[in-house]
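1. please find the sequence and the predicted model below.
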Amino acid sequence: MLQLQDLHVSYGAIKALKGITIEVKQGEVVTLIGANGAGKTTTLRTITGLLTPKQGKVLFEGKDISGTPTHKVVAQGICMSPEGRGVFANLSVEENLELGAYLASDPARIKSDLEKVFALFPRLKERLKQISGTLSGGEQQMVAIGRAMMARPRLLLLDEPSLGLAPLVVKSIFQAIDEINKAGTTVLLVEQNAHTALKHSHRAYVLETGTIVLEGSSEELAADKRVREAYLGE
Amino acid sequence: MELFLQQLINGIVQGSIYALIALGYTMVYGVLRLINFAHGDVFMLGAFIGFYTANLLGISQPSVGALILVMTVSMAGSAAVGLVIERFAYRPVRKFSRLTSLITAIGVSLLLEYAAQFVFGATPKSFPTIFETQNISLFGNVTISNDSILIIIVSIFLMVMLNLIVFKTKLGKAMRAVSFNLDVAKLMGINTDFIIAFTFALGSALAAAAGILYSVHFTKIDPLMGLLIGLKAFVAAVLGGIGNITGAVLGGLLLGIAEIMVSGYISSSYKDVFAFLILILVLIVKPAGLLGSAAQEKV
């Protein structure tokens, strides 16, 4: 479904990605783990067109989308819950979710998608009219993921959904991610929390300073000595 | 008391014009974090487009219809100018630092002023009478001219329309999203280039409306007329809290009233000094402006 081929991305003179190759197949949850500054967020921002690669390709369903403006990437079915959630803090939960469905025009469809988001995150239904800036971190993460789902993505990109959340909240967020995937959405997940990410994904890539150093099934990587030492704290 | 009421009326009229222009500054700042210094010159162009429209159409009989026609053409023309400025001056430098955009804005402003002098001539022109003005006596010696009433009504109408666009339409919601976070707005599927262009068009149309109202009221127009008024409207936007729509209206009215009061009670030669003095005092006490705050609704 998604293929990154030899992707190089730089910020001025600083090379953030030095030729990474990643594949995400239809129906999978693939996770990209790595330390701060490894290039995880850069990878997602390049897929969505917020950054343009210096070299290499982003193929979505066989088509090269590198350099396509972000709003057109979204229209093709790739949505992202950004790092730090990016909730519109000055707007209500409802307005945030509606903005997620910006490209949809059929009110009936928007309504039924809203119900799906409420089924995923019942808390959001209670908070619907509340200004998003006053929500807890976990609830804001729910808004960010729910908002991305409102566009009916075929590929959902999640940037650090567990960041700054209590373990119990992380658990419920990841349960929702499991459900989203079971309902047919392919997921590419970026996480520092390797333990949880590996438990909730099929395959994984380990990114270190802009290069893929390991890849394999999540089970294999969770058992791998290097991963256990470097990322699982053993 | 009569003097005070008279001055208050005049102040509201002056303030409405500042407010209409200040809205453009504040909206563009909201989506781009750019002070569009050429905005005052769009106000001037609006007046000139109105001048030529009225002359070309040969409007001989002043009427409300003529005024609406001239204003509509001027607003549409200036919106187009706003789009051209955004597309060819600001968009190419958007990826560079803010300072680059700011210097570009000053350049565009000078370009418009001197191009206008070249094309229209530097001498002031008399704005054609498209609206018959007469004074209406309210009570005692207090009067209000019908064009003052017009300025207030048209300003209120345009501000209500703007409010509806920004807060009740999908386009407005997209504007607010862009103003809050450009990248996240893109991730919603919003064509942010379009929204930014639309914001310029909207602000420019409001400036043109102000240009026509000003010209009907003061009857003289010249290529540098946007300079000081633009600066004052910018002051009004900062006073109210730049990026905040209600703040721009409030700042405009306060500045207009303060200025006219100073002219009436102290001296008209010092009114500009007082405008900037008020700005400095407000900013010392409230650096973000009257309605500006950390969690403001910016557009």
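-> Alright, I've got the coordinates.
2. got phi/psi on the spatially most distant residue from the centre of chain B?
-> When each C-alpha in chain B is compared with the mean C-alpha position (CA atoms, centre = their mean), residue B:140 comes out farthest, at 33.1 Å. Phi and psi for residue B:140, reported as degrees, to the nearest 10, are phi 50, psi -130.
3. now do the residue positioned nearest the centre of chain A, the pLDDT please.
-> In chain A, the residue lying closest to the centroid (CA atoms, centre = their mean) is residue A:158, at 1.4 Å. pLDDT for residue A:158: 96.
4. what's across from it in the sheet?
-> Residue A:158 forms beta bridges with residue A:81, residue A:189, as assigned by DSSP bridges.
5. any idea of the mean pLDDT for the top helix by length along chain A?
-> In terms of residue count, the longest helix belonging to chain A (DSSP state H) is helix A:167-182. For helix A:167-182, the mean pLDDT works out to 94.
6. in the lowest-mean-pLDDT helix or strand in chain A, what's buried?
-> Ranking every helix and strand in chain A by mean pLDDT, DSSP states H and E puts helix A:225-230 at the bottom, with a mean of 84. Across helix A:225-230, burial judged by 16 or more other CB atoms under 10 Å in any protein chain shown covers A:227, A:230. Where you see a C-beta, it was placed from the backbone N, CA and C, and this is true even at glycine.
7. with stretch B:211-220 instead?
-> Neighbour counts using 16+ other CB under 10 Å place B:211-217 of stretch B:211-220 among the buried residues.
8. and the longest helix of chain A, how far out from the chain middle?
-> Centroid displacement of helix A:167-182 relative to its chain, using CA atoms, centre = their mean, to the nearest Å, is 13 Å.
9. checking the residue nearest to residue B:190 when sequence neighbours are not counted next. Helix, strand or coil?
-> Nearest non-adjacent residue to residue B:190, counting by CB to CB, 6 or more residues apart in numbering or on different chains: residue B:174, 4.8 Å away. Secondary structure, DSSP: H, G, I helix; E, B strand; the rest coil: residue B:174 is helix.
10. separation between residue B:174 and residue B:31?
-> 10 Å (CB to CB, to the nearest Å).
11. kindly check the end-to-end length of stretch A:121-133 for me.
-> Stretch A:121-133 has an end-to-end distance of 18 Å (criterion: CA to CA, to the nearest Å).
12. and stretch B:162-175, by the same measure?
-> Span of stretch B:162-175 from end to end, CA to CA: 12 Å.
13. show me which residues of chain B sit near chain A.
-> B:170, B:173-174, B:176-177, B:180-181, B:183-193, B:295-298 (CB under 8 Å from any CB of the partner chain).
14. buried subset of the residues you listed, written for ChimeraX?
-> Per 16+ other CB under 10 Å, the buried members of the residues of chain B next to chain A correspond to this ChimeraX selection:
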select /B:173,174,176,177,180,181,184,185,186,187,188,189,190,191,192,193,296,297,298
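15. just give the closest residue to residue B:50, not the sequence neighbours.
-> Once flanking residues are discounted, residue B:50 sits nearest to residue B:74: 4.2 Å by CB to CB, 6+ apart.
16. so who does that neighbour touch?
-> Neighbour list for residue B:74: B:46-47, B:49-50, B:53, B:208-209, B:211-212 [criterion: CB atoms under 8 Å, 6 or more residues apart in numbering or on different chains].
17. now swap in residue B:165 and tell me
-> B:171-172, B:202.
18. residue A:156 falls within a helix, correct?
-> No - with three-state DSSP as the criterion, residue A:156 is strand rather than part of a helix.
19. that one: what's it in contact with?
-> A:79-81, A:145, A:148-149, A:180, A:185-188.
20. from the residues you listed, which is closest to residue B:100?
-> Of all the contacts of residue A:156, residue B:100 sits closest to residue A:80, with 28.9 Å by CB to CB.
21. just the closest of the contacts of residue B:165 to residue B:26, please.
-> Using CB to CB, the contacts of residue B:165 come closest to residue B:26 at residue B:202, 11.5 Å.
22. what's the neighbour count on that closest one?
-> The number of residues packed near residue B:202 is 25, by other CB atoms under 10 Å in any protein chain shown.
23. so who does it touch?
-> Neighbours of residue B:202 in contact, by CB under 8 Å, 6+ apart: B:24, B:27, B:79, B:162, B:165.
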